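> Quick check, what structure comes out for this input:
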Amino acid sequence: MGNESPPGLPFPWPLEGFMKPGGKATPEPPDLPPSLCDLRRRIPLLESRGEALRRIRGFFRRRRFLEVDPPLLVEAGGMEPHLDALEVTGPSTGLARRLPTSPEFYLKKLLAAGVGRCYALSPAFRDEPPSSAHSPEFLMLEWYRTEAPLRRLIADCDALLRLLAERFLPGGRLDRGGIRCDFNSGIEVLTLSEAFVRWTGGDWRAHRDVGAWRRAAERHGASPSESWSENDCFSYLMLVRIEPGLSTLGRPAAVTGFPPFQGALAREDPRTPGTIERFELYAGGAELANAYAELTDGAEQERRFLRYQEERVRLGKPPHPRDVEFLAAVRALPPCAGIALGVDRLLSLLLGRPLGQVRHGTNCGPGRGDL
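Coordinates of the predicted model:
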């Protein structure tokens with residue numbers, strides 16, 4: 001086999017765990033269940049995953065970030081109307097807890113307590129159907145900097161993407177299935193308004209009510225019903241117009257400046273009224289991360305929490321529990337910015353394999369496929 005990579009696998013091909021000492025391939029064990037045969041075939045991908053995680057940890061260690069292993073049994077799993085937390089109950093104690101939809105609440109508590117820079121590589125959980133782009137359980141990389149603007153996080157993203165692409169993509173360039181992305185060319189920064197003008201024909205800020213948003217979605221092929229919210233229309237336009245447009249840029253992109261309904265925990269941009277300080281990171285046709293200049297107004301965060309729970313009730317969902325410590329932490333936060341990046345999705349992009357193949361587990365849902 002040598003040290004050459006099969007198409008779509010890391011460069012060079014990792015052999016360590018797939019060979020016996022002396023260089024002979026291990027024979028296929030008899031009577032191995034199909035799920036374990038699949039796991040065996042994925043060992044090279046899982047070795048690559050392990051190397052990527054080591055590189056990510058080294059990246060933040062060199063920048064003197066505190067590594068955090070946040071709690072996984074929490075009283076409140078999230079805040080936003082569309083996020084549903086998975087619940088667990090102990091059969092002996094009756095202890096009821098939720099699994100976090102992200103490590104955000106705990107990391108912000110650390111910031112409020114005086115930590116200046118921190119990150120977590122942590123499992124996150126969301127009660128949603130598995131698909132080729134989503135999994136109910138996934139690995140999230142989340143990091144925060146105090147006294148830092150969003151452009152500092154964009155610089156972090158650029159350096160991290162270059163580091164990983166250098167290892168897993170020949171020349172640091174993705175060229176697969178008609179998608180090209182040069183990770184050596186830096187991140188192109190454009191506003192969401194510029195993206196909407198370029199790929200939908202109009203600025204999103206011209207859509208001043210839900211009717212205008214529905215008409216915009218309809219012009220681009222949707223059949224919006226009266227139940228479609230501004231957020232539904234926005235998500236549709238991002239999916240069918242903006243994200244395909246971004247995939248043609250040939251390098252990673254950060255899209256900045258979002259409507260207020262897209263930033264549950266972000267602050268309003270004082271320089272551009274009616275927008276929030278947020279960016280989303282895209283590369284190779286995939287959304288990888290989203291970042292906020294974090295809201296530090298405790299009273300405003302409380303108002304948003306109550307509004308979102310009212311919306312959940314209207315949708316027929318139970319309200320999220322109120323995390324009293326988190327709301328107190330927001331009041332004590334220094335100016336800060338944070339970002340959440342989907343590690344599984346990034347590895348799927350870099351390794352050229354479906355999401356289910358680059359995750360640990362024997363039942364990883366749709367997109368597992370065959371090697």
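
> count of residues packed around E294?
Neighbour count of E294, defined by other CB atoms under 10 Å: 23. C-betas here are computed from N, CA, C, even on glycine.

> List the contacts of the closest residue to it other than its chain neighbours.
Once flanking residues are discounted, E294 sits nearest to C336: 5.0 Å by CB to CB, 6 or more residues apart in numbering. Listed by CB atoms under 8 Å, 6 or more residues apart in numbering, the contact set of C336 reads L111, Y144, R145, T146, E147, A148, A293, E294, T296.

> change it to 10 Å
107-108, 111-112, 116-117, 144-148, 292-296 (CB atoms under 10 Å, 6 or more residues apart in numbering).

> Any quick ChimeraX command for the buried ones out of those residues?
Selection of the buried residues among the contacts of C336 in ChimeraX, burial being defined by 16 or more other CB atoms under 10 Å:
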select :107,108,111,112,116,117,144,145,146,148,292,293,294,295,296
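
> hang on, the earlier thing: test of understanding: give the bridge partners of the residue nearest to E294.
Note on C336: beta-bridge partners by DSSP bridges are T146.

> For it, give its distance to L121.
Note on C336: its distance to L121, by CB to CB, to the nearest Å, is 19 Å.

> Likewise for R215?
Distance of R215 to L121, computed by CB to CB: 43 Å.

> pLDDT score for the residue nearest to E294?
For C336, the pLDDT comes out at 98.

> all helices for this structure, in order.
When secondary structure is read from DSSP state H, the chain shows helices at 34-41, 43-62, 104-113, 150-168, 192-200, 210-219, 230-237, 243-246, 298-314, 324-332, 343-351.

> most packed of these?
Stretch with highest mean neighbour count among the helices of the chain: helix 343-351 (a mean of 23; mean count of other CB atoms under 10 Å).

> And that helix, what does it pack against?
Using 3 or more CB pairs under 10 Å, 6 or more residues apart in numbering; DSSP states H and E, the elements in contact with helix 343-351 are helix 43-62, strand 117-125, strand 137-146, helix 150-168, strand 173-176, strand 276-283, strand 286-293.

> where in this structure is pLDDT low?
Along the chain, segments meeting pLDDT under 70 span 1-28, 363-371.

> residues contacting R345?
A133, H134, S135, F138, L139, A283, A286, E287, L288, A289, L355, V358.

> and which of these is nearest to E166?
Taking CB to CB as the measure, E166 lies nearest A283 of these, at 14.2 Å.

> so who does the closest one touch?
Neighbouring residues of A283 by CB under 10 Å, 6+ apart: 157, 161, 165, 174, 179, 181-183, 187, 246-247, 249, 251-254, 289, 345-346, 349-350.

> swap in P149?
Counting by CB under 10 Å, 6+ apart, the residues that P149 touches are E277, A293, P335, A337.

> Got a ChimeraX select line for the buried ones in these?
Only the buried members of the contacts of P149 enter the following ChimeraX selection, criterion being 16+ other CB under 10 Å:
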select :277,293,337
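
> Make TSV out of the contacts of P149 and add distance to S229.
Shown next, in TSV, are the contacts of P149 (distance: CB to CB, whole Å):
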residue	distance to S229
E277	22
A293	24
P335	31
A337	27
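
> any idea which of the contacts of P149 is closest to S48?
The nearest member of those to S48, counting by CB to CB, is A337 at 30.0 Å.

> My guess is the closest one contacts Y144. True?
Yes - between A337 and Y144 there is a contact at 7.0 Å, judged by CB atoms under 10 Å.

> Appreciated, that's everything.
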